[in-house]
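Q: next one to model:
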Amino acid sequence: MKKTIYNTILTLFLCGMIANVNAQQHNNELFVGGLMYVEQGAAIYAWGDVHIDGADAKLINDGIVELEGNFHRTSDATYTDIGLGELIFRNDHVNTSEMQFINGDMTGQNAIANLTIDNGSAGSIFSLMGNVEVNKNFTLLSQSTIRTDNVSHGADGEAYRYELYISDPNPNALNLNGRFIEGRLRREVDLGNTYTFPIGTEDVQIGQAEAFEMTFNIIPTNFNVLSYFKDMPSDYNEQGVACNGAYLEKVCELGRWVTEPSNNVGTYSYDIRLMPGNDFFNACNATEYRLLAENIPVGDCSPTDYTANNLGEMSYFELVGLGVALDIELERFWASPEDDAIQLNWTTASETNNAGFDLERSTDGRNFEKIAWITGQINSSITTNYDYEDVNVVRDVVYYYRLKATETGGAYEYSPVVSAALGGLEDMDANVFPNPIKAGELLSFMSVSDGTLNMQVFDESSKLVLRKGFETLKGEIINTDLSRNLSGGIYTIILTDDVYTRRSMFVFSP
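A: Numbers count the residues shown, from 1 in each chain. Just a heads-up that it's a prediction; the model follows:
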């Protein structure tokens with residue numbers, strides 16, 4: 001039999017009243033309107049919700065508060081303990097078919113020392129409707145999903161409004177029993193320890209749980225890391241990656257691990273290891289994988305090891321699946337405005353197992369949709385010309401196009417992006433790729449007309465560092481080596497011919 005002690009000063013209500021909150025309610029709720037103290041060794045069992053309500057309400061928990069419903073704290077009420085208290089959620093009787101949640105901010109002086117979720121079978125949801133800090137231990141005993149919002153945001157971990165903060169730097173302070181945090185997780189970290197960030201999204205395509213580990217070699221004091229996982233970002237870079245001396249194409253990239261430091265004061269260094277779920281690999285037909293940091297390759301190519309060491313900045317990481325480039329040689333690709341349509345043309349020098357092309361279009365240069373399928377030649381050793389007229393266009397809109405060339409076996413790769421507008425090309429940006437570019441890679445761009453094309457490259461101080469000229473055909477893919485002329489940094493490239501001047505910015509990493 002549990003020992004229950006109610007030491008109540010001011011007002012304590014235990015009844016079937018319905019509180020004035022915008023959330024589901026249960027009978028037999030516990031309302032704390034004054035001071036309630038649960039001493040060490042004592043326990044309270046609430047057959048419903050617990051409310052700490054009002055400026056005079058204060059729940060001091062040095063024992064155990066166990067509830068079958070939800071936990072509510074108004075912004076002027078107080079929950080506190082000295083590190084001994086435990087808040088336990090179950091739903092064996094009252095809440096068996098409903099989502100349980102914590103409603104209200106539970107950080108700082110209102111942080112929970114020990115939080116245990118033991119509320120049902122796989123598929124049940126426990127939601128945070130406010131930021132929650134746990135300064136001792138967070139334990140998940142059930143197969144529930146911890147969601148840092150009251151609604152799902154699908155595959156976009158950044159959109160979740162709240163976060164779970166584990167403020168104890170003990171690596172074992174978070175125990176999720178093989179489950180994951182759907183949304184945003186923050187962890188306090190310390191020197192020499194390895195911390196697991198079991199984050200994910202509701203999107204079953206990417207396997208839900210996409211964990212990673214960080215080990216810190218150098219770290220400032222009082223340092224923590226916020227993390228979340230996102231599905232395919234809108235600025236996804238489709239270009240290939242050098243791997244073990246070969247240039248391989250990206251065949252899949254299903255998400256992004258985002259890390260944000262608590263502050264940028266002081267120096268830190270860390271190692272990272274990505275641990276994606278099995279569904280990630282089931283969706284990828286790749287021979288190698290490589291870890292990218294902000295689209296820059298780090299670590300080594302490997303079918304099994306996804307690590308990078310001694311990193312000094314945080315932002316986002318991607319794990320890309322790589323495969324051999326398709327044997328479809330694209331020579332030219334261009335887009336031209338003609339009357340009330342945009343004419344697309346492309347030329348291949350040879351094709352091997354080429355089933356055909358998806359022609360994709362975008363109005364922002366990032367988010368593309370298929371507008372047509374053009375059948376390929378399967379196998380060809382001679383020049384083949386293709387064309388398509390896009391009539392579903394309006395004036396004063398820039399349209400971006402790319403080709404998705406698909407082999408008969410299902411492998412595919414993307415072309416460079418070209419653009420056109422019914423109003424003309426004069427004010428449009430140049431499309432250069434890859435971007436960022438590393439030493440040893442060729443910078444590529446498309447000519448927009450026949451004749452002489454002049455290229456100028458300026459550094460961040462607007463100093464001209466490189467000038468080249470090319471004799472080109474319209475739509476020709478130009479490849480040029482910048483490695484001997486540039487150091488690391490951000491550059492502006494200006495492309496000029498007899499008609500147009502186009503510019504763009506790119507990042508060069510030596």
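Q: show me where the stretch 251-400 of the chain has helices.
A: For the stretch 251-400 of the chain, the helices defined by DSSP state H, counting those that start in this stretch occupy 278-282.
Q: list the residues that contact the residue lying closest to D481 once chain neighbours are set aside.
A: By the measure of Cβ to Cβ, 6 or more residues apart in numbering, the closest residue to D481 outside its immediate chain neighbours is L442, 5.8 Å from it. All C-beta spots, glycine's among them, are computed from the backbone N, C-alpha and C. Neighbour list for L442: N479, T480, D481 [criterion: Cβ atoms under 8 Å, 6 or more residues apart in numbering].
Q: at 10 Å instead, please
A: For L442, the contacting residues are Y247, F433, P434, I478, N479, T480, D481, L482, S483, by Cβ atoms under 10 Å, 6 or more residues apart in numbering.
Q: then N150?
A: Here N150 is in contact with A23, M99, F101, N103, I125, S127, L128, M129, G130, Y160, R161, Y162 (criterion: Cβ under 10 Å, 6+ apart).
Q: which two of these have the greatest separation?
A: A23 and Y160 (18.0 Å; Cβ to Cβ).
Q: for these two, indicate the residue with more neighbours.
A: Neighbour totals were compared for A23 and Y160, and Y160 leads with 22 against 13 (other Cβ atoms under 10 Å).
Q: the more buried one and D149, how far apart?
A: 5 Å (Cβ to Cβ, to the nearest Å).
Q: intersection of neighbour lists for these two?
A: Looking at what touches both Y160 and D149 (by Cβ under 10 Å, 6+ apart), the common residues are L128, E182, G183, R184.
Q: dump those into JSON lines; add neighbour count, pLDDT and distance to M36 as well.
A: Below are these laid out as JSON lines (neighbours: other Cβ atoms under 10 Å; pLDDT from 0 to 100; distance: Cβ to Cβ, whole Å):
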{"residue": "L128", "neighbour count": "25", "pLDDT": "97", "distance to M36": "23"}
{"residue": "E182", "neighbour count": "27", "pLDDT": "92", "distance to M36": "32"}
{"residue": "G183", "neighbour count": "29", "pLDDT": "93", "distance to M36": "31"}
{"residue": "R184", "neighbour count": "25", "pLDDT": "96", "distance to M36": "31"}
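Q: inside helices: which ones of those residues?
A: If you go by DSSP state H, the shared contacts of Y160 and D149 have nothing in helices.
Q: quick check: the farthest pair among the residues you listed?
A: Distance extremes for these: the farthest pair is L128 and E182 at 10.2 Å, using Cβ to Cβ.
Q: please enumerate the shared neighbours of the two.
A: I146, R147, T148, D149, Y160.
Q: by neighbours, which of those wins?
A: T148 (25 neighbours).
Q: and the protein, what are its domains?
A: Following automatic domain parsing, the chain resolves into domains at 191-322, 328-420, 432-509.
Q: where among those domains is the average confidence lowest?
A: Ranked by mean pLDDT, these end with domain 191-322 at the bottom, a mean of 78.
Q: can you pull out the strands in the stretch 401-510 of the chain?
A: Applying DSSP state E, counting those that start in this stretch to the stretch 401-510 of the chain gives strands spanning 412-414, 418-420, 432-433, 437-438, 442-446, 451-458, 464-472, 477-481, 489-496, 501-509.
Q: dump the ones you listed into TSV; add distance to Q377 as well.
A: TSV is the format used below for the strands of the stretch 401-510 of the chain (distance: least, Cβ to Cβ, whole Å):
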stretch	distance to Q377
strand 412-414	16
strand 418-420	21
strand 432-433	25
strand 437-438	32
strand 442-446	22
strand 451-458	29
strand 464-472	25
strand 477-481	19
strand 489-496	31
strand 501-509	32
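Q: right, so of these, which gets closest to A173?
A: That would be strand 501-509 among the strands of the stretch 401-510 of the chain, by Cβ to Cβ, at 36.9 Å.
Q: what is that closest one packed up against?
A: strand 296-302, strand 432-433, strand 437-438, strand 442-446, strand 451-458, strand 489-496 (3 or more Cβ pairs under 10 Å, 6 or more residues apart in numbering; DSSP states H and E).
Q: is it correct that R484 is in contact with F508?
A: No - between R484 and F508 there is no contact under Cβ atoms under 10 Å: 11.7 Å.
Q: where do the contact lists of these two overlap?
A: With Cβ under 10 Å, 6+ apart, R484 and F508 have common neighbours A439.
Q: of those two, who's got more company?
A: Neighbour count, other Cβ under 10 Å: between R484 and F508, F508 has more, with 22 against 7.
Q: report the separation between that one and L482.
A: For F508 relative to L482 (Cβ to Cβ), the value is 7 Å.
Q: for these two, list the residues in contact with both.
A: Contacts common to F508 and L482, judged by Cβ under 10 Å, 6+ apart, are I437, A439, E441, L443, V457, Y491.
Q: could you turn the buried ones of the residues you listed into a PyMOL selection?
A: Buried subset of these, written as a PyMOL selection, criterion 16 or more other Cβ atoms under 10 Å:
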select buried, resi 437+441+443+457+491
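Q: I'd like the shared contacts of F508 and L482 as a markdown table, with distance to C301 appended.
A: Formatted as a markdown table, these follow (distance: Cβ to Cβ, whole Å):
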| residue | distance to C301 |
| --- | --- |
| I437 | 18 |
| A439 | 17 |
| E441 | 15 |
| L443 | 22 |
| V457 | 30 |
| Y491 | 27 |
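Q: ok, so of the shared contacts of F508 and L482, who is nearest Y401?
A: Distances from Y401 to the shared contacts of F508 and L482, taken by Cβ to Cβ, are shortest for L443, at 20.4 Å.
Q: separation between that closest one and V465?
A: 13 Å.
Q: next one: L274
A: Where V465 is concerned, L274 sits at a distance of 36 Å (Cβ to Cβ).
Q: of the two, who's got more company?
A: L274 (20 against 15).
Q: how close does the more buried one get to P436?
A: 20 Å.
Q: circling back to that earlier point, overlap in contacts, L443 and V465.
A: Common contacts of L443 and V465 (Cβ under 10 Å, 6+ apart): V457, L482, L486, Y491.
Q: residues in contact with the first one?
A: Put plainly, it is V457. 443, 463-468, 480, 482, 485-486, 491-494, 506, 508.
Q: 8 Å instead?
A: The neighbours of V457, taking Cβ under 8 Å, 6+ apart as the test, are L464, V465, L466, R467, L482, N485, L486, Y491, T492, I493, I494.
Q: and for N110?
A: R73, T78, Y79, T80, E133.
Q: is the nearest residue to the second one once chain neighbours are set aside bridged to anything, and to what?
A: So that's T78. Distances taken as Cβ to Cβ, 6+ apart place K58 nearest to T78, at 4.3 Å, with adjacent residues excluded. For K58, the beta-bridge partners are L35, T78 (DSSP bridges).
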